[in-house]
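In: Pasting the sequence and the predicted model now:
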Amino acid sequence: MKQLVLILFGFLITTGLASAQKKAVISSDSIVHDFGTIVENAGKVSHTFTIKNTGNAPLVITRVIASCGCTTPEWTKEPIAPGKTGEIKVTYNPAGRLGAFNKTISIYSNGKEGSFIMNIKGKVVEKQTE
């Protein structure tokens, strides 16, 4: 009986370690995008971040939240296979927002506990009169 308990215990530990080693990992070569100077009435500006799954299980992005209603994220909805990439497209609306800006985009997934943070920044100016 004692030997059976030890065998079962060893099996559970081995199985637990094997499943714990399979996990998605979110990463990106660039986590900040600087739009530089943009003209307010020129309209919305967008940037697409490339994210990569550097883990060994599929990466699933569950939600993406921008720090302001002026910033709209779109993202890859299907799971990202290990070694493959996905996209986070961020669109900023400069209307009525003169001056410097720095917005945070929080990405929630199974690839990191908590959120993976990206930023966009720049400066909004009025259109120059000629």
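Out: Nice, I can see it. Numbering: from 1, shown residues only.

In: Looking only at the longest strand along the chain, what residues are buried by neighbour count?
Out: Longest strand of the chain, by residue count under DSSP state E: strand 112-125. Residues of strand 112-125 classed as buried by neighbour count (16 or more other Cβ atoms under 10 Å): K112, S115, F116, M118, I120, G122, V124. Yep, even glycine has a C-beta here, placed from its N, CA and C like the rest.

In: Tell me which two in those residues are the farthest apart.
Out: Greatest spatial distance in the buried residues of strand 112-125: K112 and V124, 31.1 Å, computed using Cβ to Cβ.

In: Tell me which other helices or strands the longest strand of the chain touches.
Out: strand 32-39, strand 45-53, strand 85-92, strand 99-109 (3 or more Cβ pairs under 8 Å, 6 or more residues apart in numbering; DSSP states H and E).

In: would TSV of the buried residues of strand 112-125 with pLDDT and distance to I65 be doable?
Out: Shown next, in TSV, are the buried residues of strand 112-125 (pLDDT from 0 to 100; distance: Cβ to Cβ, whole Å):
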residue	pLDDT	distance to I65
K112	90	14
S115	94	8
F116	96	11
M118	97	11
I120	98	14
G122	97	20
V124	97	22
